[in-house]
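Enquirer: no sequence for this one, just the structure:
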Ligand SMILES: C[S@@+](CC[C@H](N)C(=O)[O-])C[C@H]1O[C@@H](n2cnc3c(N)ncnc32)[C@H](O)[C@@H]1O
């Protein structure tokens, strides 16, 4: 587990354009109702009032994938983590429009939430189009690094999945290299089609759509926790 005395730095934007009135209202009223409690240990009962499978999405952007998964499996609890306020507003809109009572949000660093969950408690972890931090001197900032991966591995139940999507060739190569060094995950792909085609139960994200529109390749990685 990460030493709680170590202060982690969170890179990236926290806010973009000014919120419209309706958006600000969502942040004021709905966000407090579905926010992950600010401290203390977390589990399904504390978050959702009873035992159920739990999944975490790291950096959900505007929340399309999170909402798509939550709509498809209403008995699973989804914890979405995203520090970017304008993205959180997007997810709040989905939660309201689709009446999703199986979503909890944390506006901040996903690692802070993962640390507070019991070991071997998660059925899936998603990391979709993470910030690539392309410069070599920024490589330590990438979510795919052994520190965050140790945490993800600890929190996943054996046999359950870590899903990674990226449209960035540098990140793709980096992730394959780092994940290839892990003894606690196996890559499920058998053929190229397995990582070049989006699985049916993998709702499209905004970054993925943008990459496709611009003619870029997208890679879909599924790793099983041993
Ligand atoms: C390139 S965007 C991709 C957003 C979305 N997953 C998609 O595919 O459209 C990466 C997101 O990760 C978020 N992020 C970066 N570091 C994070 C962290 N430590 N915890 C949670 N989210 C993080 C950023 O705020 C950003 O919204």
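Expert: Nice, thanks for sending it over. Bear in mind that the values here come from a model prediction, so they are computed numbers and not experimental data.

Enquirer: what residues does the protein put near the ligand?
Expert: Applying Cβ under 6 Å from any ligand atom, we find that the chain lies next to the ligand at 10, 12, 58-61, 81-84, 87, 109-111, 128-131, 205-208. Any C-beta I mention is one placed from the backbone N, CA and C, and that applies to glycine too.

Enquirer: from those, which ones fall inside helices?
Expert: 87, 110, 111, 206, 207, 208 (DSSP state H).

Enquirer: Please indicate which of the residues of the chain next to the ligand are buried?
Expert: Neighbour-count burial (16 or more other Cβ atoms under 10 Å) is assigned, among the residues of the chain next to the ligand, to 58-61, 81-84, 87, 109-111, 128-131, 205-208.

Enquirer: quick one, what contacts residue 95?
Expert: 30, 34, 63, 67, 103, 105 (Cβ atoms under 8 Å, 6 or more residues apart in numbering).

Enquirer: swap the cut-off to 6 Å and go again
Expert: For residue 95, the contact set (Cβ atoms under 6 Å, 6 or more residues apart in numbering) comprises residue 103.

Enquirer: which SSE is it in?
Expert: In this assignment (DSSP states H and E), residue 95 forms part of helix 85-97.

Enquirer: how far is that helix from where the chain is centred?
Expert: Counting by Cα atoms, centre = their mean, to the nearest Å, helix 85-97 is centred 15 Å from the centre of its parent chain.

Enquirer: In terms of pLDDT, where does residue 11 sit?
Expert: pLDDT for residue 11: 87.

Enquirer: Now stretch 160-180: buried residues?
Expert: By 16+ other Cβ under 10 Å, the buried positions in stretch 160-180 come out as 160-168, 171-172, 174-175, 179.

Enquirer: what does stretch 113-123 give?
Expert: Within stretch 113-123, the residues scored as buried using 16+ other Cβ under 10 Å are 113, 114, 115, 116, 117, 121, 122, 123.

Enquirer: Now pLDDT and secondary structure too, for these, in TSV please.
Expert: Formatted as TSV, those follow (pLDDT from 0 to 100; DSSP: H, G, I helix; E, B strand; the rest coil):
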residue	pLDDT	secondary structure
113	98	helix
114	98	helix
115	98	helix
116	98	helix
117	98	coil
121	98	coil
122	99	strand
123	98	strand
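
Enquirer: Identify the farthest-apart pair in those.
Expert: 115 and 123 (18.1 Å; Cβ to Cβ).

Enquirer: List the backbone torsions phi and psi for the residue of the chain positioned farthest from its centre.
Expert: Each residue of the chain has a distance to the centre, and by Cα atoms, centre = their mean the biggest one is for residue 21: 27.5 Å. The phi and psi values for residue 21, taken as degrees, to the nearest 10, are phi -60, psi -50.

Enquirer: Perfect, I'm done here.
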